[in-house]
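# Take this sequence and fold it.
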Amino acid sequence: MANELAHNYVANHMLQHMCQRSKKEQDLQFENVLLMNKYFLLYEELLYAMNHGDIGCTETTTITWIPILKETGKHKYATHMSNFLLNVHFLYPPGLQYVGHKIVVD
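Next up is the predicted model:
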C-alpha cells in the first residue's frame, strides 16, 4: 500500500510527461501536490537522519536541499551548506573531517 501511495502521489519521473501535456489536459493542482509531497518527504528524511545521527543520510539529503534553497532565493543557506560539504570532504585533513561530521549531527 505504501509503495502504491508513493508511486501515485509523490513526484517522480512521470511528472515531466505530465507537464508536457497540452494546457487543457494538464492538472496543475495535482502536479503541485505531487511536488509538495516530494518536498515533505525529503524534509521528513532529513529530520529523521538528523535525529538519529545518520551522518551519511544527512549529507545526502543536504545535497538535495541545496538546489531547492537556491530556487527559493535562500542563496546564503545554499552557499554555506555547499561550502561546508566541500570543506569537510576535500579541504580539511582527516582528523578535522571527523570533527566536521560530528558538527553536522550536533
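# what comes up buried for stretch 39-46?
Across stretch 39-46, burial judged by 16 or more other Cβ atoms under 10 Å covers 45-46. Glycine gets a C-beta too; all of them are placed from N, C-alpha and C.
# Next: stretch 62-76.
Buried, per 16+ other Cβ under 10 Å, within stretch 62-76: 62, 65-66, 69.
# Stretch 14-28 too?
For stretch 14-28, it's none, nothing buried (16+ other Cβ under 10 Å).
# burial count for Pro94?
The tally of other residues near Pro94 (other Cβ atoms under 10 Å) stands at 6.
# typo on my end, Leu86
If you count neighbours by other Cβ under 10 Å, Leu86 ends up with 11.
# and what of Ser82?
Using other Cβ under 10 Å, Ser82 is surrounded by 15 other residues.
# Find the helix or strand that it is a member of.
Element membership for Ser82, per DSSP states H and E: helix 75-86.
# can you list the residues that contact that helix?
Helix 75-86 has contacts (Cβ atoms under 8 Å, 6 or more residues apart in numbering) with 59, 62-63, 65-67, 69-70, 100, 104.
# tell me how far that helix is from the chain's mean position?
14 Å (Cα atoms, centre = their mean, to the nearest Å).
# By residue count, what's the longest helix in the chain?
Scanning the chain for the longest helix, with DSSP state H as the assignment, gives helix 28-51.
# any idea of the mean pLDDT in that helix?
Averaged across helix 28-51, the pLDDT comes to 88.
# how about the protein, which residue sits the furthest from its center?
The C-alpha centroid of the chain is most remote from Lys24, which lies 31.1 Å away (Cα atoms, centre = their mean).
# Can you classify that residue as helix, strand or coil?
Here Lys24 is recorded as coil under DSSP: H, G, I helix; E, B strand; the rest coil.
# before we move on, back to that, can you lay out the buried residues of stretch 62-76 as a markdown table showing secondary structure, pLDDT and distance to Leu91?
Below are the buried residues of stretch 62-76 laid out as a markdown table (DSSP: H, G, I helix; E, B strand; the rest coil; pLDDT from 0 to 100; distance: Cβ to Cβ, whole Å):
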| residue | secondary structure | pLDDT | distance to Leu91 |
| --- | --- | --- | --- |
| Thr62 | helix | 90 | 17 |
| Trp65 | helix | 92 | 21 |
| Ile66 | helix | 94 | 18 |
| Leu69 | helix | 93 | 22 |
